Structure formats: C-alpha cells, structure tokens
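# Attaching a predicted model along with its sequence, questions to come.
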Amino acid sequence: MTTLTPAIKHSSLRLNPSLRRNRLDRLFTTIAGGFSLIAVLPLFLVLIYVILQGGRLISINLFTQLPPAPGLDGGGIGNALIGTFVVTLVASMIAIPVGVGGGIFLAEYSKSGPFAQFIRLGNDILAGVPSIICGVFVYGAIVATRLFFGQSYTAAAGGMALAILMLPTVIKTTDEGLRLVPKALSMGAIGVGASKFVTITRITLPSAFTPIATGVVLGIARAAGETAPLIFTALFSPFWPEGVFNPIATMSVLIYNFAIMPFDAQNELAWAASFVLVILILGANLLARWLRRFASM
Amino acid sequence: MTMTMPRKTPAITNQSCLSLEKVTISYGSFEAVRDVYLEIPRGKVTAFIGPSGCGKSTVLRGLNRMNDLIEGCTLKGRVIFDGQDIYAPEVDPVEVRRRIGMVFQQPNPFPKSIYENIAFGARINGFSGDMDELVESSLRKAFIWDETKDKLKESGNSLSGGQQQRLCIARAIAIEPEVILMDEPCSALDPISTLKIEELMHELKKTFSIVIVTHNMQQAVRVSDQTAFFNAEAVEGGTGKVGYLVEFDETERIFNSPLQQATQDYVTGRFG
C-alpha cells in the first residue's frame, strides 16, 4: 500500500454536455433568459401598439389645432401639448430649487443626525406615495380652498401636485450625486482656504452636475406622464391655455378624457397624444442615459 | 530683493512657528492621540514619523483645523500660531487654512484646467494682481512649469500622478501660506516623482515652514531638519491604542542617537 488512492477522481478535461451540472446550467440559463424576455415584452408591445395606433395620425394640424367639438372631425392636441409643458415647467420651477437645495443640505450640511435621517426616511416614503394622493392633497389644500385668486382648478395647482411627485427623485439623486464626489476634492478646496459655500458651489456641485441633471430629467419625465394628480387640480380645458391661474389641458388628461368618448375623432386624438407623450418620455429617458454616459467618460 | 524688514533676521528663524500645548485629539470618545507638546520651527522641514495608527496624520490635520470636517473629531489643548490659539472660538478656520496650506496623500487636482487649479485658490482669497504671472510663478516654484506651460488649458487630471502632486503643491503655494502641511505626499508616487518632490521641499523651505508626515524613514532623513517620533500604546480600559509623542529632536539625532529606546527600535527597524 505505497500509493494513495485519490479522494477525488479526475476525469478528462473535455466538456461533457450530458453531465448533470451542465444540463442544469443550460436549463437555468434558458429559464432566466426567458423571464427577462417576458419582462421587456410589455415595453415593446406598448411601444409598438402606440406607434401603430398613434404614429399614423401625426400631422402638422395635430400640433397646431384645438380638439374638435364632440361629433366633428379633425382637430389636434395643440393646447394639451402646451399645457403639458406649462404644468411641467411650473413643477420644475418648484421641485428643482427645493429638491437640489434639500439634497445639498442632506449631503453637505447635515451631520447625519436624527434630523437628516428623518428627512431621508420621509423622502423615501414620499417617493412611494401614490400619485393620486398627491392630487387629492393639492385638491384639498389649494383647489377646494380657492387659494389662487379665487380660482379653483388651475395649472399652478397641477404643477404643484407634479412638483410633489418630482421632489423625492430630485432630492435623492442630488444627495447621492454629491456624496459620490470624492471627499479629497472638497478637502483640497478647503485646504486652499475655500469656505464651505465656495467649496460646494465651485467644486462639489459642478462635479455632481451630471447625476443631478439625470435625476432632474427623470423626475420631469415621470411628472410629465402623470394623470391622476392632474385630473382634479389642472382639470382640463378644450381651449388654448389662459395663463397658469386657469384650468389647463394636458396630454395625459386628454388621453384619459378622450379615449373613452364614443366619438372616433376624440379616440384618434387620444392615440395621437399617447404617441407624442411616449416619444417625449422616451426622449427624456434617453437624454438621462446620455447624460450618465457623459459622466462616466 | 527689497525685502529687508528688520524682523526677518536669521535669529527669528529659530523661533517656533506653531506650538502645540497638551493637545489631545479624539474621535468621539476614542482618544487618537494624547498630550502632545511640540514646537514646530519656522523655515524648516519638520517630519512626523511613527507606525500606523499613532496619530501623526491626525496631529497634522489638527494644525490647520482640517479635522473640523471629520464628524465627532474634537481637540483639547492649544495650538498656537502667530500668537493666537487657532482653536479659540473667535478664530475663523477658513482664515487659518489660508495661512496654513495643505497637500494631501492622494493628488487631488480640481477637475478644472491646470491654470484654474492654481487660480482658484488665489481668486477666492481675493488676489487682485496679474493672475497669469501668479500661475506661472507658482508652477515654476513647484518645478512643473516646463511640463505644463504648453497645456495650461488642459484638465489637471490629464497629468501623471507625480505631476498632479506637484500641481497640488503649486496650488498650495499660490495662496502664499506661511506653513505647508504635507500628509504623506509621496506615498502614491513612484521613486522618481518622489525625488522631484523631495528636491522641491528643499527649495520650498527657504520660503515656507513645512510639516510632513511620512512612513518612509529614508525620506524623513533626506528632507527634514527636525523629526517627531510618534508611537501608540494600549491603555487600560481603552478600546484601542492611543498615540503619543515619544521624542522630538533634530533629525540627525533622532536617527543616530535617540534618547528613547522606542525611537531607537523604530528607526533601526526592530519595532514591535
């Protein structure tokens, strides 16, 4: 008994596909691949359906005309297109300064104390609040109380509801973007005698510009497509926008209103608006991706 | 040179520039370094050596209130600079850092052009002279002008590690501080870049007082006039080791005839 019998027998190095472990490997790869296909399937189905239904309706008139009166043909979604931009602009004007400011506070000024923890937790919860709740809140706080010059439904109220939806995204991406900036950079600025304010505005914020911009764009993309918070804040209007203190048409509410009407012209406009909205949001997301790519270079 | 002010006589250069009196620095309730008394001389290079965790970097950062940026870090005792305790409540830490500059372990140029890297500090310090001239002279003093003069508009990040560190030194001297603190400035660099920075230090000490933390004892011997040896010891009831100053003397004496056995053991490599 001079030779030891090896505890593990070595076989050929050649790949043997019929081995149990190799068969299982193939099986699980197939299953995982199948599920990931199913996961992206809705995206393509929705896109294709909307493009087929709405894409063929694209014309100049669509962007320049008002929706027709019930029963008439033709018309466009010009007012809703402008309305979506107006409401989103109002939302951005509120959410970007507040959100970026809040993010700066969390990342740079707060000392991770209970207050900052509370704000972060609150922000995460706010991100999960259903959009219709934001709408009801703004309805109760602004619309029902006629806060703006005695007006009830206004574009400004709609913008505020969307701002509440945008805020968590903007705060979180600003906070995280700033924390990703190497500490060594701000140390360097402070080491040459920069105050905290100068360090943040001149060194840290510019370095975190891309993640912040990405967050803002994603926030806008989310807000622009929301319907629920707008139904009872901005309401709808069949006319051209009359300033931010009047009801305003938006594309998402137009889709909601027109898709279920018993008139073909309105149904077609709803599809056309869906198409335009999807393209805008797709564009915003691609812009965000491009910004991110720009950052990693 | 018209700089013939009477108080800049050689006798004054022996005077201390920074003095630490019973300085204890803690992170939260943990004391990192305890009861340091130290007189850092003006116009010389002072090296801090010692094993990891002995608190030498902590003390260095305490000299220009960089520790303020670390949460929970507190300093007891007094750090006297220019006749003033820099930790007194009425002192503005930003002013302190303008007069006591810092170079870090990792080169950290700003993600701006080489020109802007130098101009940034000067501008925020209210520099009103010829910026081009200041940029050139600062880069010259840091021995990096020849390598950068043709690409001042390029990003500071496009330089090599050693060049970046010299750029950071140029950035520090552009604001004309009185003291420059260097926290292991060569530990991320190759030997040739290290040599360049050491030559640079010899040049700089004619104008500035320099304090350098280094793990490399040969470097301490090559560049410094004075050396402080820090060590760490476990204390009763403590959770970790507490750093303290073992010995502070002329570099030559620290390495050749130290008074303490611990210093002797460390500099000869018979440590621990």
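Now that the structure is in, tell me what you want to look at.
# Listing request: residues of the chain with sub-threshold pLDDT.
Went with chain A since none was named. Applying pLDDT under 70 to chain A flags residues A:1-6, A:294-297.
# that's the other chain; I wanted chain B
Where chain B drops to pLDDT under 70, the residues are B:1-14, B:236-239, B:270-272.
# residue ranges for the strands of it, please.
Here chain B has its strands, by DSSP state E, at B:16-27, B:30-41, B:45-49, B:73-81, B:84-85, B:100-103, B:179-183, B:209-213, B:226-234, B:241-250.
# Next, work out how far apart the residue sitting nearest the centre point of chain A and residue A:146 are.
Nearest to the centroid of the C-alpha atoms of chain A, with distances taken as CA atoms, centre = their mean, sits residue A:222, at 2.7 Å. Residue A:222 sits 28 Å away from residue A:146, going by CB to CB, to the nearest Å. Quick note: C-beta positions are derived from backbone N, CA and C, even for glycine.
# again, but for residue B:80
Separation of residue B:80 from residue A:146 (CB to CB): 66 Å.
# Of these two, which one has the most company?
Under the criterion of other CB atoms under 10 Å in any protein chain shown, the comparison of residue B:80 against residue A:146 puts residue B:80 first, with 17 against 12.
# Could you dump the strands of chain B into a markdown table and include distance to chain A?
Output for the strands of chain B, formatted as a markdown table (distance: least, CB to the nearest CB, whole Å):
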| stretch | distance to chain A |
| --- | --- |
| strand B:16-27 | 14 |
| strand B:30-41 | 18 |
| strand B:45-49 | 17 |
| strand B:73-81 | 12 |
| strand B:84-85 | 16 |
| strand B:100-103 | 4 |
| strand B:179-183 | 8 |
| strand B:209-213 | 13 |
| strand B:226-234 | 21 |
| strand B:241-250 | 21 |
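# can you list the residues of the stretch 151-272 of chain B near chain A?
Residues of the stretch 151-272 of chain B found near chain A (CB under 8 Å from any CB of the partner chain) are B:168, B:171-172, B:174-175.
# Just give me the residue closest to the centre of chain B.
residue B:181 (1.6 Å).
# Report the secondary structure state of residue A:66.
Three-state assignment for residue A:66 (DSSP: H, G, I helix; E, B strand; the rest coil): coil.
# from what I can see it touches residue A:239, true?
Yes: with contact defined as CB atoms under 8 Å, residue A:66 and residue A:239 form a contacting pair (6.8 Å).
# hey, what's in contact with both of these two?
Shared contacts of residue A:66 and residue A:239 (CB atoms under 8 Å, 6 or more residues apart in numbering or on different chains): residue A:79.
# Give me the more crowded residue out of these two.
A direct count of neighbours by other CB under 10 Å for residue A:66 and residue A:239 places residue A:66 higher, at 16 against 12.
# For the nearest residue to the more buried one once chain neighbours are set aside, what is the enclosing helix or strand?
Sequence neighbours aside, residue A:79 is the residue nearest to residue A:66 in space, at 5.6 Å (criterion: CB to CB, 6 or more residues apart in numbering or on different chains). Residue A:79 belongs to helix A:78-104 when elements are defined using DSSP states H and E.
# Check the secondary structure at the nearest residue to residue A:57 once chain neighbours are set aside for me.
Leaving aside its sequence neighbours, residue A:57 sits nearest to residue A:272 (CB to CB, 6+ apart; 4.1 Å). The local conformation at residue A:272, judged by three-state DSSP, is helix.
# Repeat that for residue A:26.
Residue A:26 ends up helix, using three-state DSSP.
# got the contact list for it?
residue A:17.
# swap in residue A:83?
So residue A:83 contacts A:155, A:234, A:237, A:241, A:248-251 (CB under 8 Å, 6+ apart).
# Save those residues as TSV, and put in distance to chain B and neighbour count too.
Shown next, in TSV, are the contacts of residue A:83 (distance: CB to the nearest CB, whole Å; neighbours: other CB atoms under 10 Å in any protein chain shown):
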residue	distance to chain B	neighbour count
A:155	40	29
A:234	42	34
A:237	48	22
A:241	42	20
A:248	42	33
A:249	44	30
A:250	40	35
A:251	40	28
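# Report the backbone C-alpha coordinates of stretch A:248-255 in PDB.
C-alpha atoms of stretch A:248-255 as PDB (Å, rounded to 0.1, in the frame of the first residue of the first chain):
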ATOM      1  CA  ILE A 248     -55.400  73.800 -18.500                       C
ATOM      2  CA  ALA A 249     -55.400  70.900 -20.800                       C
ATOM      3  CA  THR A 250     -52.600  68.300 -20.600                       C
ATOM      4  CA  MET A 251     -51.900  65.400 -22.800                       C
ATOM      5  CA  SER A 252     -52.300  62.700 -20.100                       C
ATOM      6  CA  VAL A 253     -55.700  64.100 -19.000                       C
ATOM      7  CA  LEU A 254     -56.600  64.500 -22.700                       C
ATOM      8  CA  ILE A 255     -55.900  60.800 -23.200                       C
END
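# Please, where are all the helices along the stretch 1-150 of chain B?
Applying DSSP state H, counting those that start in this stretch to the stretch 1-150 of chain B gives helices spanning B:10-13, B:56-62, B:93-99, B:114-124, B:131-141, B:145-148.
# Please tabulate these in TSV, including the columns mean neighbour count and distance to chain A.
Putting the helices of the stretch 1-150 of chain B into TSV (neighbours: other CB atoms under 10 Å in any protein chain shown; distance: least, CB to the nearest CB, whole Å) gives the following:
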stretch	mean neighbour count	distance to chain A
helix B:10-13	10	25
helix B:56-62	25	9
helix B:93-99	19	3
helix B:114-124	23	3
helix B:131-141	18	11
helix B:145-148	16	18
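# hang on, residue A:8 in a strand?
No: going by three-state DSSP, the assignment for residue A:8 is coil, not a strand.
# From residue B:55, how far off is it?
52 Å.
# more crowded one of the two?
In terms of neighbours (other CB under 10 Å), residue B:55 is the more surrounded of residue A:8 and residue B:55; the figures are 26 against 5.
# What values do phi and psi take at the more buried one?
Residue B:55 adopts backbone torsions of phi 90, psi 10, taken as degrees, to the nearest 10.
# Which residues are in contact with it?
B:25, B:32-33, B:230, B:232, B:242-244.
# on that earlier part again, how about the residue nearest to residue A:66, what does it touch?
Taking CB under 8 Å, 6+ apart as the test, what residue A:79 contacts is A:66-67, A:237-241, A:248-249.
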